[in-house]
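Peer 1: below: sequence and its predicted model.
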Amino acid sequence: MRILARVIVGLRFLIVPAWIAGAVLASIHLPSMFAAGAGDVGSFLPDDSAAIQTEERALETFGTPVLSRTMVVANDPARFSVEQGRAAAELISSIDEQPIDRVHLRAVPLLDAPALLESERLGTTLVVFLFVDPLLGEEEEIETVDGFADDLGRATGAPAVHVTGAIPGTRAETTIANDHLLWVELATVLLVVIILALYFRSVGIPLLGLGTVAIAYQVADHVLGWASERYSISIPREVDPVIVALLFGVLTDYLVFFVSDYRRHLREGLSSCEAVTAVTRELLPVISTAALMIAGATLTLLLSGVPFLSAFGPGMAITVLVGAAVALTFVPAMLAIFGRLLLWPSCPTPESQAPGSQERGARGRMVGFAAQHPAIVATACLLVLLVAASGLREMEIGNPLVRGLPESTDARQGYEVVSDGVGPGAMGPTMLVLEGDGIGERRRQLASLQRALKDQDGVAGAIGPTSEEATDKLSGVWVADREQAARYVLVLAADPDGAEAIRILSDLEEGMPGLLEENGLAGVEFAMTGETTIASELNSDTWHALLRVTPAALLVLFLLLWALLRSRAAALYLVGVSVLVVCAALGLTVYLFQGLLGYGELTFFVPIATAVLLLALGADYNVFLISRIWSEAERQDLRPAIRTAGSRAARAITVAGMILALSFAAVALIPIQSFRELAFATSVGLLLDTLLARTLLIPALVSLFGRD
């Protein structure tokens, strides 16, 4: 490490322009990751998803779809008249009558088809499911759907017409994330500049921080863009703000560690180049190991089995490795070139800080108290974390895509109209498919089952084979041509992506064998698909992913900590504390969002993404703190070493932790439920990690268990 540190300092005049040139060339010749597209809801699930397979098989069997992820909602508070309904029916019929090669759209009114539109039962809300040609490009599809919405509004004279559903909701989420990403970046830049300026009382260090982040941002952005394009990886939009926060936070952390130790060495009387060489030698193994921990832990998301979750891993791993490479070369090179000038106007001298002043400060007294009374401090800290973690008992997860959008968006407004006028389940009906020899000919039994389905708890409506008698237009829609399959569309009495709908669906699936037998259809095979089925699979896959990913991430962290610290006991209790911090952060998130704010559930990816991020990011502080204590313990007894080293490291860790926590808190500027949940859980976890775990609990545990 000594030789490598000297090489970095010696090549400082080559390293700085090399990084600048690399960032410029990457931005010119490589695509940007932040400009890449996002996958739709289907990419959340693996190819062997039962819900997706059922939907594809039903489309092949029946030839026409009955599930749509795009819908147009018209609302008239004064109730639709028969004339308005007839105008809507004529519009839909005119589309259906056009040759298939001249129209890219099919429209189906909710449940009763044209019979509903021409009756007095229409009410205040008209929901039309749209089936758009899958060969259309995104812009053409949006134009086609918006055109139909305009036509429906003109035909019916409805005061309000909205386009909603899973696909419009996903696009709205992407647009909002892109539009607000700049605000996240600006807020993060502002807080980084302010905190660095106040902490170091310097003008140059904030500028160095911005330059370091700018270079790493450009390189990481375009390397990820190239990887996404080269290997056809669909990186979800949820990754973008997380990567921005991660890059800003981690790089600023490393900068704080570098400059804090550089300033300390200057106070010890070293020259500028000697101080840079010394701090680079000390931090090379620390930052390298910390970066490997974060990269290794985030890469374990590849084991999740969920494409959406797996996409998080490589993006964050590459970002952190790029950030570590910049921090370990560009930062010391700049310090070696500009030296004390970067610290102006606060330029440290050997006499500028009295010996032991840090130990006598508030942080020093807290660390010293933890070292002298480890059992009391450890017990109190563990109780606080366990109380916070108790919220996990109430945690529910779902995929509140449209409901999690801002109220000002068209998709969310359409959701509210559908929920109030028809019921939230109409946003994503469930399709039940029955298969068996000659089942299409058993009309009496199928009609009996349809009535029974309507009577089930949590089922707001059902349409199926008996609707075929109402109109010849539906012939073949509910019963396959060869009479080997039949299907129903069920509207659940809950948000189709929420935890309540998942419970309703689970109860329904559990009771289906009995329902089939009671209605003369014993032995018939059944399968379900739709938004609720997808949400249910996502929940199940997420829990299984958590069981696969968490042990792998913990193993990576344990092995790297053991290798660096050469202490199995220390590695064990450090990983254990990180797990407790994750549980406490998620518990507090449940108390806030599910309890205080009344959300039905957390977004499915928030718990696992938070767990991996906090486990990985906590490793930075573990490595930085314990390596300092171990080094100081070589010169004095352990408890005095904890106070001395812990006091010196505590201030830098606190500042770095605050920057990292606020970087993730800035993600909450994106007004989408999932982003705000992730921002809160991660930032609160980092604050617990910084202010409680590293300041009190870890020093107490080190004092209790020692170095072995």
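Peer 2: Yep, it's here. Everything numeric in this text was worked out from a predicted model, so none of it was measured.
Peer 1: so Leu678 is in which element?
Peer 2: In this assignment (DSSP states H and E), Leu678 forms part of helix 673-687.
Peer 1: and that helix, average pLDDT?
Peer 2: Computed over helix 673-687, the mean pLDDT rounds to 94.
Peer 1: can you list the residues that contact it?
Peer 2: 177, 238, 241-242, 245, 400, 403-405, 581-582, 584-586, 588-589, 592-593, 599, 602-603, 605-607, 609-610, 613-614, 617, 657-658, 660-662, 664-668, 670 (CB atoms under 8 Å, 6 or more residues apart in numbering). Quick note: C-beta positions are derived from backbone N, CA and C, even for glycine.
Peer 1: swap the cut-off to 6 Å and go again
Peer 2: 404, 581, 585-586, 588-589, 593, 602-603, 606, 610, 613-614, 657, 660-661, 664-665, 667-668 (CB atoms under 6 Å, 6 or more residues apart in numbering).
Peer 1: among the residues you listed, which lie within helices?
Peer 2: Using DSSP state H, the subset of the contacts of helix 673-687 located in helices is 581, 585-586, 588-589, 606, 610, 613-614, 657, 660-661, 664-665.
Peer 1: quick one: distance of the helix holding Leu678 to the chain centre.
Peer 2: Offset of helix 673-687 from its chain centre (CA atoms, centre = their mean, to the nearest Å): 10 Å.
Peer 1: buried residues, it. List them.
Peer 2: Neighbour counts using 16 or more other CB atoms under 10 Å place 673-687 of helix 673-687 among the buried residues.
Peer 1: same check on stretch 572-592?
Peer 2: Here stretch 572-592 shows 573-575, 577-592 as buried, counting by 16+ other CB under 10 Å.
Peer 1: who's in contact with it?
Peer 2: The contact list for stretch 572-592 (CB under 6 Å, 6+ apart) reads 385, 388-392, 394-395, 554, 557-558, 561, 607, 611, 614-615, 618, 622, 680-681, 684-685, 688-689, 693, 697, 701.
Peer 1: roughly how far is the helix or strand harbouring Ala216 from the heart of the chain?
Peer 2: Assessed by DSSP H and E, Ala216 sits inside helix 204-230. Using CA atoms, centre = their mean, the mean C-alpha position of helix 204-230 is found 21 Å from that of the whole chain.
Peer 1: helices or strands up against that helix?
Peer 2: helix 12-29, helix 166-200, helix 239-267, helix 312-338 (3 or more CB pairs under 6 Å, 6 or more residues apart in numbering; DSSP states H and E).
Peer 1: out of these, nearest to Thr280?
Peer 2: Of all those, it is helix 312-338 that lies closest to Thr280, at 4.5 Å by CB to CB.
Peer 1: tell me how many other residues surround Ala160.
Peer 2: A count of nearby residues for Ala160, using other CB atoms under 10 Å, gives 14.
Peer 1: what's the answer for Arg154, then?
Peer 2: 12.
Peer 1: look up how far Ala297 lies from it.
Peer 2: According to CB to CB, to the nearest Å, Arg154 and Ala297 sit 55 Å apart.
Peer 1: where does the stretch 201-350 of the chain dip in pLDDT?
Peer 2: Along the stretch 201-350 of the chain, the parts satisfying pLDDT under 70 run over 232-238, 348-350.
Peer 1: isn't there a strand covering Ala460?
Peer 2: Yes - counting by DSSP: H, G, I helix; E, B strand; the rest coil, Ala460 is part of a strand.
Peer 1: which residues does it contact?
Peer 2: Ala460 sits next to 423, 425, 491, 493 when contact means CB under 6 Å, 6+ apart.
Peer 1: just these now: which is nearest Ala5?
Peer 2: Set against Ala5, the nearest of the contacts of Ala460 by CB to CB is Gly425 (63.3 Å).
Peer 1: I'd say Leu130 and Val73 touch.
Peer 2: No - using CB atoms under 6 Å, Leu130 makes no contact with Val73, being 11.0 Å away.
Peer 1: those two: which is more packed in?
Peer 2: Neighbour count, other CB under 10 Å: between Leu130 and Val73, Val73 has more, with 30 against 23.
Peer 1: export the helix or strand containing that one as CSV, just CAs?
Peer 2: Using DSSP H and E, Val73 falls within strand 70-75. Only the C-alpha atoms of strand 70-75 are listed here, as CSV (Å, rounded to 0.1, in the frame of the first residue of the first chain):
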residue,chain,number,x,y,z
THR,A,70,-54.9,0.8,-20.4
MET,A,71,-58.3,2.2,-19.9
VAL,A,72,-60.2,5.4,-20.5
VAL,A,73,-62.5,6.7,-17.8
ALA,A,74,-65.3,9.2,-18.5
ASN,A,75,-67.0,10.9,-15.5
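Peer 1: can you count the residues close to the closest residue in space to Gly368 that isn't next to it in sequence?
Peer 2: Nearest residue to Gly368 in three dimensions, chain neighbours excluded: Arg643, at 4.2 Å (CB to CB, 6 or more residues apart in numbering). Burial of Arg643 is recorded as 26 neighbouring residues (other CB under 10 Å).
Peer 1: what about the strands in this structure?
Peer 2: 70-75, 105-109, 125-132, 160-164, 397-398, 430-435, 459-463, 485-492, 525-530, 602-603 (DSSP state E).
Peer 1: partners of the first one, with directions?
Peer 2: Which is strand 70-75. strand 125-132 (antiparallel), strand 160-164 (antiparallel) (DSSP bridges).
Peer 1: give me the distance from the longest one to the chain's centre.
Peer 2: Looking back up the chat, that one is strand 125-132. Mean-position distance between strand 125-132 and its chain equals 30 Å (CA atoms, centre = their mean).
Peer 1: one more: the last one?
Peer 2: Centroid separation for strand 160-164 versus its chain: 28 Å, with CA atoms, centre = their mean.
Peer 1: just stretch 60-77 next, same as before
Peer 2: 29 Å.
Peer 1: any idea of the mean pLDDT in that stretch?
Peer 2: pLDDT averaged over stretch 60-77 gives 86.
Peer 1: flag every buried residue along it.
Peer 2: 61-62, 66-76.
Peer 1: and the closest residue to Ser304 other than its chain neighbours, what does it touch?
Peer 2: Nearest in space to Ser304, with sequence neighbours left out and distances taken as CB to CB, 6+ apart, is Ala545 at 3.5 Å. Shown in contact with Ala545 (CB under 6 Å, 6+ apart): 304-306, 309, 608.
Peer 1: save these as a markdown table, and put in distance to Ile504 too.
Peer 2: Shown next, in a markdown table, are these (distance: CB to CB, whole Å):
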| residue | distance to Ile504 |
| --- | --- |
| Ser304 | 26 |
| Gly305 | 26 |
| Val306 | 23 |
| Leu309 | 25 |
| Ile608 | 25 |
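Peer 1: related to what we said a few turns ago, the helices and strands packed on helix 204-230: which one's closest to Met431?
Peer 2: helix 166-200 (14.3 Å).
Peer 1: quick one: mean pLDDT over that closest one.
Peer 2: 89.
Peer 1: quick one, that helix and strand 125-132 angle?
Peer 2: 90 degrees (axes from the mean of the first three to the mean of the last three CA atoms, to 10 degrees).
Peer 1: next, the angle from helix 166-200 to helix 673-687.
Peer 2: Helix 166-200 runs at 30 degrees relative to helix 673-687, counting by the same axes, to 10 degrees.
Peer 1: what is helix 166-200 packed up against?
Peer 2: helix 204-230, helix 239-267, helix 410-421, helix 638-665.
Peer 1: tell me how far the closest residue to Val667 other than its chain neighbours lies from Ile195.
Peer 2: Excluding the flanking residues, the one nearest Val667 by CB to CB, 6+ apart is Ala679, at 3.9 Å. The gap separating Ala679 from Ile195 is 18 Å, by CB to CB.
Peer 1: in contact with Ala87, which residues?
Peer 2: Contacts for Ala87 (CB under 6 Å, 6+ apart) come out as 155-156.
Peer 1: gap between it and Gly123?
Peer 2: According to CB to CB, Ala87 and Gly123 sit 16 Å apart.
Peer 1: same question, Gln594
Peer 2: Gln594 is 32 Å from Gly123, by CB to CB.
Peer 1: perfect, that will be all.
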